[in-house]
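**Student:** below are the sequence and a predicted model; questions follow.
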Amino acid sequence: MRNILYIVVMITFVALTGCSAGSSNQSGFFHQTFVEPFSIIIKTFADWFHGSYGIAIILITVLIRLILMPFMLRQYKDQQNMKLKMEKVMPEMKELQERFKKAKDQAEQQKIQKEMMDFYRKHDINPLKMGCLPIIIQMPIIMGLYYAIRGSKEIATHSFLWFNLGTPDLILTLCAAAIYYVQFKVSIRTVPEDQLQGPMKMMGMLSPLMIGTASFASPAALPLYWTVSGSFLILQTLLAQKLYYKPTEKEKGKDSEQ
């Protein structure tokens, strides 16, 4: 699982880096395919609501999240199914891993590696079924909307509620950071305590910290987007947990002890 998480994080990092570079080139593929269409959609929505770019950002963010929600729910469902499957095959998997560690020559290691691949194939263990693919699919869409909001000159000159969309706002910054902290806490509700150690807790604090830092130095339109998006993710996570959460035998045992 750690290896899969590392791959997902690296893919996300590369996507963010690539998007950042692409967004500065208005003739680039990413800008023309993802950013420019969202810029047109935002302006269209704003025109429908008497020039309110704040309402446009909220509605488009919710709409995009609704479109992506089936992928995210499927991701959570697959993760839960894979968790139960991994619990059943873990003893056999650990035995193969121990044999690989004790292997004395490369030929023996290659033989065990082949056994592992056959083992994964036999039990249908596939990293793409554990949530990687939905993340890859949604990244260009989410980043396209992000850069469309960030680069809009029209948004920068408009106000919404108590704040100017083109200048930083402390209250909205705190809201965005708080929402992503709550989102993290909601997402780990079903994670066993023994798995909530160092790296996971650090990631939980890192997300709201990064959102808060970025919001503090960004036009208020961006923390508005993050606040709406994070709020939607909280509701989506609660729905996914209600529909698809499946405790392992170990987790059931701990619940009965309590």
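**Tutor:** Received, thanks. Residues are numbered from 1 along each chain as shown.

**Student:** where does the chain dip in pLDDT?
**Tutor:** Residue ranges of the chain with pLDDT under 70: 1-27, 126-138, 192-201, 203-204, 248-258.

**Student:** can you show me the helices along the chain?
**Tutor:** Secondary structure of the chain (DSSP state H): helices at 2-23, 29-30, 36-48, 53-102, 106-122, 132-151, 153-156, 170-187, 198-216, 221-244, 249-257.

**Student:** to residue 162, which of those lies closest?
**Tutor:** For those, distance to residue 162 was read as Cβ to Cβ. The smallest value, 7.6 Å, belongs to helix 170-187. C-betas here are computed from N, CA, C, even on glycine.

**Student:** contacting residues around residue 51?
**Tutor:** The contact partners of residue 51, by Cβ atoms under 8 Å, 6 or more residues apart in numbering, come to residue 158.

**Student:** measure it to residue 165 for me?
**Tutor:** As judged by Cβ to Cβ, to the nearest Å, residue 51 and residue 165 stand 12 Å apart.

**Student:** overlap in contacts of these two?
**Tutor:** Joint contacts of residue 51 and residue 165 (Cβ under 8 Å, 6+ apart) are residue 158.

**Student:** excluding sequence neighbours, find me the nearest residue to residue 96.
**Tutor:** Nearest residue to residue 96, sequence neighbours excluded (Cβ to Cβ, 6 or more residues apart in numbering): residue 116, at 5.4 Å.

**Student:** for residue 92, see how far away the one you found is.
**Tutor:** 10 Å.

**Student:** neighbour count for those two, which is higher?
**Tutor:** residue 116 (16 against 12; other Cβ atoms under 10 Å).

**Student:** ok, that one touching residue 100?
**Tutor:** Yes: if you go by Cβ atoms under 8 Å, residue 116 and residue 100 touch, sitting 7.4 Å apart.

**Student:** distance of residue 97 relative to residue 113?
**Tutor:** 11 Å.

**Student:** give the contact list for residue 227.
**Tutor:** 172, 175-176, 179.

**Student:** residue 140 reaches residue 34, doesn't it?
**Tutor:** Yes: assessed by Cβ under 8 Å, residue 140 is found in contact with residue 34 at 5.4 Å.

**Student:** comparing those two, which residue is more hemmed in?
**Tutor:** Set residue 140 next to residue 34 and count neighbours by other Cβ under 10 Å: residue 34 wins out with 22 against 17.

**Student:** apart from its chain neighbours, what residue comes closest to the more buried one?
**Tutor:** In space, and not counting its chain neighbours, residue 34 is closest to residue 144: 2.8 Å by Cβ to Cβ, 6+ apart.

**Student:** swap in residue 211?
**Tutor:** Among residues not flanking residue 211 along the chain, residue 180 sits closest, at 4.8 Å (Cβ to Cβ, 6+ apart).

**Student:** that neighbour contacts residue 228, correct?
**Tutor:** No: with contact defined as Cβ under 8 Å, residue 180 does not reach residue 228; the gap is 11.9 Å.

**Student:** who has more neighbours, these two?
**Tutor:** Neighbours per residue (other Cβ under 10 Å) separate residue 180 from residue 228, with residue 180 holding more: 26 against 19.
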